[in-house]
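**Student:** how would this look folded up:
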Amino acid sequence: MRIAIFFICGLLGVASANAQTKADEHAVMEPIVRLFTGMNKGDSALVHSAFAKEITMATVTIDKAGNVVVRRENSLTGFLKAIATPRPEPFSEPIWNTRIEIDGSFAQVWTEYAFYIGKKFSHCGVDAFQLVNQGSGWKIFHLADTRRTADCHVPAAVSDQFK
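**Tutor:** Now for the predicted structure:
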């Protein structure tokens, strides 16, 4: 019986030690919000500030033949150039169903998204962010996403903003 009580108390201790607060979650989301704000404004410096010095990025899609394709990047250069290139319509990437997990200086965020160019729907999918806090705030060091144009279940509260 004492072993069971010790085990349960140990689990509760671990749960409280690793408990994340709303303030912790807000801090983790800050660079992600900065990324999307920078994308919308075409501000590559703002986007760049959301990322760590060394990053990886990956996109998972399905090609026309139905094959799964993984495209990987180890640099922000192309992404930042695309953001900085003037365009007539802003990029918008609203997110929902966001889940945040934090363990010390490591965090992971999984969220559904829809991507719009101006008012026009482009694609949807999931963004998976991994972030690190090395003492100067949270930074994204890995970003993976899926992209699809079918089977998108964008909530009305999101899609109505683009009508």
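**Student:** going forward, measure contacts between C-alpha atoms and count neighbours the same way
**Tutor:** Noted.
**Student:** now the end-to-end length of stretch 134-154.
**Tutor:** Counting by Cα to Cα, to the nearest Å, you get 35 Å between the two ends of stretch 134-154.
**Student:** Please compute how far that stretch lies from its chain's middle.
**Tutor:** 3 Å (Cα atoms, centre = their mean, to the nearest Å).
**Student:** List the buried residues for that stretch?
**Tutor:** 138, 139, 140, 141, 142, 143, 144, 145, 146, 147, 154 (16 or more other Cα atoms under 10 Å).
**Student:** Pretty sure the third one sits against residue 53.
**Tutor:** It refers to residue 140. No - taking contacts as Cα atoms under 8 Å, residue 140 lies outside contact range of residue 53: 9.2 Å.
**Student:** the strands in this structure, which residues?
**Tutor:** 51-62, 68-73, 91-92, 95-103, 106-117, 120-133, 138-146 (DSSP state E).
**Student:** Kindly export the longest helix belonging to the chain (C-alpha atoms) in PDB.
**Tutor:** Criterion DSSP state H: the longest helix present in the chain is helix 22-41. Provided in PDB are the C-alpha atoms of helix 22-41 (Å, rounded to 0.1, in the frame of the first residue of the first chain):
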ATOM      1  CA  LYS A  22      -1.100  30.100 -19.600                       C
ATOM      2  CA  ALA A  23       1.900  32.500 -19.400                       C
ATOM      3  CA  ASP A  24       4.300  29.700 -20.400                       C
ATOM      4  CA  GLU A  25       2.000  28.900 -23.400                       C
ATOM      5  CA  HIS A  26       1.700  32.500 -24.400                       C
ATOM      6  CA  ALA A  27       5.500  32.900 -24.300                       C
ATOM      7  CA  VAL A  28       5.900  29.800 -26.600                       C
ATOM      8  CA  MET A  29       3.200  31.100 -29.000                       C
ATOM      9  CA  GLU A  30       4.900  34.600 -29.300                       C
ATOM     10  CA  PRO A  31       7.400  33.700 -32.000                       C
ATOM     11  CA  ILE A  32       4.700  31.800 -33.900                       C
ATOM     12  CA  VAL A  33       2.400  34.800 -33.800                       C
ATOM     13  CA  ARG A  34       5.400  36.900 -34.900                       C
ATOM     14  CA  LEU A  35       6.000  34.500 -37.800                       C
ATOM     15  CA  PHE A  36       2.400  34.800 -39.100                       C
ATOM     16  CA  THR A  37       2.300  38.600 -38.500                       C
ATOM     17  CA  GLY A  38       5.500  39.000 -40.500                       C
ATOM     18  CA  MET A  39       4.200  36.800 -43.300                       C
ATOM     19  CA  ASN A  40       1.000  38.800 -43.500                       C
ATOM     20  CA  LYS A  41       2.900  42.100 -43.500                       C
END
